[in-house]
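>>> quick one: sequence plus predicted model below, questions after.
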Amino acid sequence: MHVRAPHLLRKATIPMTRSNLVHLAALVFVAVSFVVIGDTAGKLLTSHGVHPFIVAWTRFGLAAALLLPLSGLSRSGLRAFRDWRVLLRAGTITAAICCILTALRSEPIANVFGAFFIGPVVSYILAIAFLGERPTRRRSLLLALGFAGVMLVVKPGFGATTGIFFALAAGSFYGAYLAMTRLVAGAYPPRLLLISQLLIGSVILTPVGLSVPFPDLSPALAGLILLSALGSALGNFLLVLANKSAEASLIAPLVYTQLLSATIAGVLVFGDWPDFYALAGLILIAASGLGSLIAHHRAG
């Protein structure tokens, strides 16, 4: 069934002046950088033997417990938890996080995020098919340019491994999450959307989390669990804010900047330096995001 974005969504979109475009790009970059910080902490946890589902469960549960008092959730807000769009959105981000944490357990972070970046393409396609968005041919080509850059970055890692399969699955779920966020961003406040995905994700993961052994926590591991939870929660909250002011097809190329953050994290935390092809890919990704901003500004 073809679902059109509600009128409320269109009213939420603000005119993209040059200043607004710069602010949007900065907001998206900060948002995805927080997500990378959370996933870097998650990779460190899984490398120390913590099960990925435990990391995902504690990420949702801890973030929900910390942010619930600040969420402003009221009795009327609880009606949102009966909205199939809110439930599906929470389910897709829960599946995405479980898959990417599973992939990070066995694969280098750059390869995982490279495969993960099937997500913006999925979001782009869903925005056209179900949200009624009609991006220009130029913006479509720019998205393809960014995706080509991703292929250059992760080319050596695209073997038929289980970890890469989970990374691709994570990206697909995340692309659906981005599209669902765009669908409901104008209908509910950002704080409600964030707490809904955290609470619903916690409920979904509780049976799974209780079925695997919980590790003995040292202060270092406890700190990483806290960093994993807060990094992911803050990053996704900022992405909700971004989706309130721009089309999903414009957000999609900007989300590619997450690969820049992942590369920096790989160098600083894991000592993984990009090779010539990876560097060329990063340049293409940066060109895709910048070109998308310029094209949108010229289109008015």
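Here it is on my side, so go on.

>>> need the pLDDT of residue 6.
Per-residue confidence for residue 6 comes out at a pLDDT of 38.

>>> so residue 273: helix, strand or coil?
Residue 273 carries the three-state label coil when classified by DSSP: H, G, I helix; E, B strand; the rest coil.

>>> quick check: phi and psi at it.
Dihedral pair for residue 273: phi -90, psi 140, per degrees, to the nearest 10.

>>> show me the contacts for it.
residue 267 (CB atoms under 8 Å, 6 or more residues apart in numbering). (Glycine included, C-beta is placed from N, CA and C.)

>>> mind checking pLDDT for it?
Residue 273 is assigned 80 on the pLDDT scale.

>>> any idea how far it lies from residue 65?
Going from residue 273 to residue 65 by CB to CB, to the nearest Å gives 38 Å.

>>> before we move on, what about residue 292?
37 Å.

>>> then residue 164?
Taken as CB to CB, the span from residue 164 to residue 65 is 33 Å.

>>> also residue 236?
16 Å.

>>> the two: who's more crowded?
Higher neighbour count among residue 236 and residue 65: residue 236, with 24 against 13, using other CB atoms under 10 Å.

>>> what helices or strands is the one helix or strand the more buried one maps to leaning on?
Residue 236 belongs to helix 219-243 when elements are defined using DSSP states H and E. Where contact means 3 or more CB pairs under 8 Å, 6 or more residues apart in numbering; DSSP states H and E, helix 219-243 is packed against helix 18-47, helix 52-67, helix 162-184, helix 190-211, helix 248-255.

>>> mind running it again at 6 Å?
Applying 3 or more CB pairs under 6 Å, 6 or more residues apart in numbering; DSSP states H and E, we find helix 219-243 packed against helix 18-47, helix 52-67, helix 162-184, helix 190-211.

>>> closest to residue 284 out of those?
Proximity to residue 284 (CB to CB) singles out helix 18-47 among the helices and strands packed on helix 219-243, at 16.6 Å.

>>> centre of the chain to the closest one, how far?
Distance, stretch centre to chain centre, for helix 18-47: 8 Å (CA atoms, centre = their mean, to the nearest Å).

>>> report the buried residues of that helix.
21, 24-25, 27-46 (16 or more other CB atoms under 10 Å).

>>> same check, this time on stretch 197-211
197-202, 204-205, 209.

>>> quick revisit: figure out which of the helices and strands packed on helix 219-243 is closest to residue 138.
In terms of CB to CB, the element of these nearest to residue 138 is helix 18-47, at 15.1 Å.

>>> now do the contacts for the residue nearest the centre of the chain.
Nearest residue to the geometric centre of the chain (CA atoms, centre = their mean): residue 174, 5.8 Å. For residue 174, the contact set (CB atoms under 6 Å, 6 or more residues apart in numbering) comprises 96, 119.

>>> how far away is it from residue 95?
With CB to CB as the criterion, residue 174 and residue 95 are 9 Å apart.

>>> equivalent analysis for residue 127, please.
Remark: distance between residue 127 and residue 95 (CB to CB) = 19 Å.

>>> please identify which of the two sits among more neighbours.
residue 127 (25 against 20).

>>> what residues does stretch 180-199 touch?
Outside stretch 180-199, the residues touching it (CB under 6 Å, 6+ apart) are 8-9, 12, 60, 63-64, 71-73, 77, 80, 85-86, 88-90, 93, 237, 240-241, 243-244, 248.

>>> check the offset of it from the chain's centre.
Centre-to-centre, stretch 180-199 and its host chain are 14 Å apart (CA atoms, centre = their mean).

>>> flag every buried residue along it.
Of the residues in stretch 180-199, those buried by neighbour count under the rule 16+ other CB under 10 Å are 180-199.

>>> any regions of the stretch 1-150 of the chain where pLDDT drops low?
1-18 (pLDDT under 70).

>>> likewise the stretch 201-300 of the chain?
248-249, 252, 293, 296-300.

>>> cutoff 90 now
208-219, 232-233, 235-267, 270-300 (pLDDT under 90).

>>> surely residue 33 and residue 262 touch.
No - if you go by CB atoms under 6 Å, residue 33 and residue 262 don't touch, sitting 9.2 Å apart.

>>> what's the closest non-adjacent residue to residue 238?
residue 31 (3.5 Å; CB to CB, 6 or more residues apart in numbering).

>>> look up how far residue 234 lies from the one you found.
For residue 31 relative to residue 234 (CB to CB), the value is 8 Å.
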